[in-house]
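Any chance you could fold what I've pasted below:
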Amino acid sequence: MTIIRLGNKNRDMNSHELVELISQKVPPEVQISELRNTYPNGVIRGDQFSIGSLSGEPGQSLKIDINPRSPYFMKGQDFNGASGIGGIVKILMEGRGMRLPEIKELFGNYLDDSPSFVRDQGAQPPIINPSLRQQITMNTPFDTEHLYLNADGEILCIVRRYNMRDGAGNPVMDDHGKPKKEFRQFTGNNPYPKMPDVRPLYNIPNISASDKVIWVEGEKCADALNELGFTATCTMGGAGMLSRKSASQFDFSPLNGKELTIWPDNDTAGKKVAELVQDLAMNAGARSVTMLTPPAGKPERWDAADAIAENFDIGNFLNTTIKHVKKTINLLDESLLIKRFQGQAPEQKFLIGDTLPLGVPIIFSAAGDAGKGMMTLDLAMKVSSGQPMTSAFGDNITEFGNTIIFTAEDDEGEMHRRIERLDPNNSRFDYEHEIRIVSLPNVGGVFPILQETSDGYKTSVEFEKIYEQIIQMNNLKLIVFDPLASFVHADVNSDPAAGAALTGLLAQVATETGASVMMCHHMTKIKDDVAVASPEQARNMIRGTSALVDGVRCAFAIWQVDEATGRRRCQDLGIEYQRNRCFDGAVVKSNGPARRDIRHFVRDMYSGLLEDKSEDISRLHSGSNREIKKDALFSWIATCEREGRALTQQSGADAILQRMSADPDAPRTLDNCTQRMVDGIVRELLAEGRIGKYSFSRSGGRKWLGTTDGDMSRGEYEASTATENA
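Predicted structure coming up:
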């Protein structure tokens, strides 16, 4: 180390000695301040100052020690370029393009008693790209100037932009075709750049006079919007200056009570700083904060200034539904008073009849192997088809549009097989709307929607990326996640806080997209000999804490009926009974009016889809239809008796069902009747005294059916063929 002997004014210093003197004499806090002014994109973490490189871009490659007690103070290593950082002098030379005499003048107040400086004849420390770097002061020519004013119009800070130019004076462009630029902030009467201790928002006078404010990244974008009549603002230093650690240095208080819209730049850094601005604005008391999402297809770094330059429809974009909205709660705000609810209330729209509402979170629950995936696939296909008079879940579909299915368990091969069974005629290629199916086994596995972290329950980075794409879809009507357990990495089965966090997230997604968000979920397993008896019991069997069911707007459940009921149902419908074929289902929870009747589902054995057969079953047992069948059977019994070819209830070749398929004059009204239905009608006719059972001999059984005033009742019956009737 060179030892500087102080107090000897007759001795001249060389450059090496002057650099050493500056490092020793200039106070550490002054050096740190100049470091931050030189590299406004830098970030302080503990005792380290991090920046991308000596060129000043954001990053972590260059780390500088800023601990005044450390022997390595203001020194570090650029791990990309492998060049060392040897103190504040080199930092100013590299970062600002200053020469050593200029640096000595900058710190002159701290070096008054130092020996005079004599320039070495040897090589000077290198200056990187001297044509692009310059010693910037208040007197340096600039390209653009922006004034940060307080509410009274007084200047708080001046921000100037300096476009970088090559040796010929031409602007230097970055990789995106935009001019490279540097910004410097000037505060008070300081001739050199210096950030204010408290960093204000841009355009405070107009913010104070407006109810609605737009935040953008940079003064250029703010000015462009202000010229169109909007009230726009930004934070000082762009995305590289504002961070979680530096947030306390920024003043967002002018946004108190305002409705803020955030228009982020179309890049990762823009999204990150916009999310931070959203939180800071809410903490400052903003009435609401709306986060816009740049439209799909826009280039990276696309911003408000670019939008205006291309004649983009700004007004329509600001009113788009593709946005996130957060609102602060202020009980002193009169906007919360009940008087705001006036006029006709908005109509509750339904995705399916009066069964599943639109734009809300929905739990669809059933036991394993019930066919939830097939039912949701069928629903999504029908919603996207645009075809009227189609039904699902026991009711007619009333809204049509785009749909998305995320399936965690079924790969593309299985989904393809299911689609073919549901749509053997390939009608899906002519659908009016789009259906997107994401088979996660084919794209790297499941991503969590919600996960438990040390800071509580948070959305995952993967879901946030996907959700940015989701909210850009127009006319979205349905989003399906199947099953819930695969997408939630938190204990929603026992932790009420986890259940509340999930349902709150689903409600936000439904509100922002306008789609019904359906989560397929399992029911608690029960013994094979135990059957669900009611919708209330089914609701209580939905797996998870009460917060899960209570937190959604609607829950629909299906459950398998007991074997006896299933057999009777199949017999009534004239189909073969099989296990796992007959189910009941119903809306088991709804926050608004809804059909709560129990629907009867029967599995189609070809497609595997549970189809609603409620009307068929009801019609078979309805009063009017049954009376028609009863009258038809009575008339046929009377005719057969008169013609000498009497019927039996269920015995031999003359049994009603046997003769139904053999006699051409059998009434078609009785088609598809089951033996159980025939037995019931016969019992009613007997009870009403309209028919009786008769025997042709004293030893024969009473099995022949005849009217109570017919030939059999008088003993006058003559069979047309003794073989068939004896």
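
which secondary structure elements does the helix or strand that contains Lys63 contact?
Under the criterion of DSSP states H and E, Lys63 resides in strand 62-65. If you count contacts as 3 or more Cβ pairs under 8 Å, 6 or more residues apart in numbering; DSSP states H and E, strand 62-65 packs onto strand 48-51, strand 75-78. (Each C-beta comes from the backbone N, C-alpha and C, glycine too.)

rank the ones you listed by mean pLDDT and give me the bottom one.
Note on these: lowest mean pLDDT is at strand 75-78, with a mean of 68.

What distance do you get for Phe312 to Leu685?
78 Å (Cβ to Cβ, to the nearest Å).

Can you verify my assumption that Lys298 contacts Asn266?
Yes: when contacts are counted by Cβ atoms under 8 Å, Lys298 is listed as touching Asn266 (5.3 Å).

quick one, strands of the stretch 351-500 of the chain?
Along the stretch 351-500 of the chain, counting by DSSP state E, counting those that start in this stretch, strands occupy 356-357, 361-366, 391-392, 395-396, 402-407, 435-439, 450-453, 456-459, 476-482, 488-489.

want to throw the helices and strands packed on strand 62-65 into a markdown table with mean neighbour count and distance to Asp166?
Shown next, in a markdown table, are the helices and strands packed on strand 62-65 (neighbours: other Cβ atoms under 10 Å; distance: least, Cβ to Cβ, whole Å):
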| stretch | mean neighbour count | distance to Asp166 |
| --- | --- | --- |
| strand 48-51 | 20 | 23 |
| strand 75-78 | 18 | 23 |
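
between those, which one is nearest to Lys465?
strand 48-51 (25.3 Å; Cβ to Cβ).

where in this structure is pLDDT low?
For the chain, the stretches with pLDDT under 70 are 1-12, 77-85, 112-135, 175-176, 320-329, 526-530, 545, 620-624, 721-726.

Could you point out the longest helix of the chain?
As assigned by DSSP state H, the longest helix anywhere in the chain is helix 623-642.

Okay, buried residues for that helix please.
Neighbour-count burial for helix 623-642, counted by 16 or more other Cβ atoms under 10 Å, picks out 626, 629-630, 632-634, 636-638, 640-641.

Off-centre distance for that helix?
Offset of helix 623-642 from its chain centre (Cα atoms, centre = their mean, to the nearest Å): 59 Å.

so what secondary structure elements neighbour that helix?
On the basis of 3+ Cβ pairs under 8 Å, 6+ apart, helix 623-642 makes packing contacts with strand 647-648, helix 675-687, strand 704-707, helix 711-714.

To Gly394, which of the helices and strands packed on strand 62-65 lies closest?
Closest of those to Gly394 is strand 48-51, at 60.2 Å (criterion: Cβ to Cβ).

I'd like the distance from the closest one to the chain centre, please.
35 Å.

so what strands line up beside it?
strand 43-45 (antiparallel), strand 62-65 (antiparallel) (DSSP bridges).

most tightly surrounded among those?
Ranked by mean neighbour count, the strands paired with strand 48-51 are led by strand 62-65 with a mean of 21 (mean count of other Cβ atoms under 10 Å).

Okay, buried residues for stretch 566-583 please.
566, 568-570, 572-573, 575, 581-583.

hang on, I meant stretch 427-441
Quick answer for stretch 427-441 (16+ other Cβ under 10 Å): 431, 433, 435-440.

same deal with stretch 148-157?
148-149, 156-157.

Select from the residues you listed every entry located in strands.
In strands, defined here by DSSP state E, the members of the buried residues of stretch 148-157 are 148-149, 156-157.

burial measure for the closest residue to Leu336 other than its chain neighbours, as a count.
Among residues not flanking Leu336 along the chain, Asn330 sits closest, at 7.6 Å (Cβ to Cβ, 6 or more residues apart in numbering). By other Cβ atoms under 10 Å, 13 other residues sit near Asn330.

Surely Asn330 is in contact with Met282?
No: Asn330 is beyond contact range of Met282, at 11.3 Å (criterion: Cβ under 8 Å).

hmm, back to that, now distance to Leu657 too, for the buried residues of stretch 566-583, in TSV please.
Shown next, in TSV, are these (distance: Cβ to Cβ, whole Å):
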residue	distance to Leu657
Gly566	21
Arg568	16
Arg569	18
Cys570	16
Asp572	14
Leu573	15
Ile575	15
Arg581	22
Cys582	22
Phe583	28
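
if you look at these, which of them are in helices?
Using DSSP H, the buried residues of stretch 566-583 in helices are 566, 568-570, 572-573.

so which of the helices and strands packed on helix 623-642 comes closest to Ile88?
helix 675-687 (96.9 Å).

How about residues contacting the helix or strand that comes right after the closest one?
Moving toward the C-terminus from helix 675-687, the next helix or strand (DSSP H and E) is strand 691-694. With Cβ atoms under 8 Å, 6 or more residues apart in numbering as the test, strand 691-694 has contacts from 634, 637, 649, 682, 685-686, 702-708, 712-713, 717.

same thing but at 7 Å, please
634, 637, 685-686, 702-708, 712-713 (Cβ atoms under 7 Å, 6 or more residues apart in numbering).

got it, and stretch 442-462?
In contact with stretch 442-462 (Cβ under 7 Å, 6+ apart) are residues 408, 411-412, 440, 463, 481, 486-490, 498, 501-502, 505.

same check, this time on stretch 242-260
With Cβ under 7 Å, 6+ apart as the criterion, stretch 242-260 contacts 43-44, 198-201, 204, 207-208, 211-213, 215, 235, 273, 276, 280-281, 284-289.
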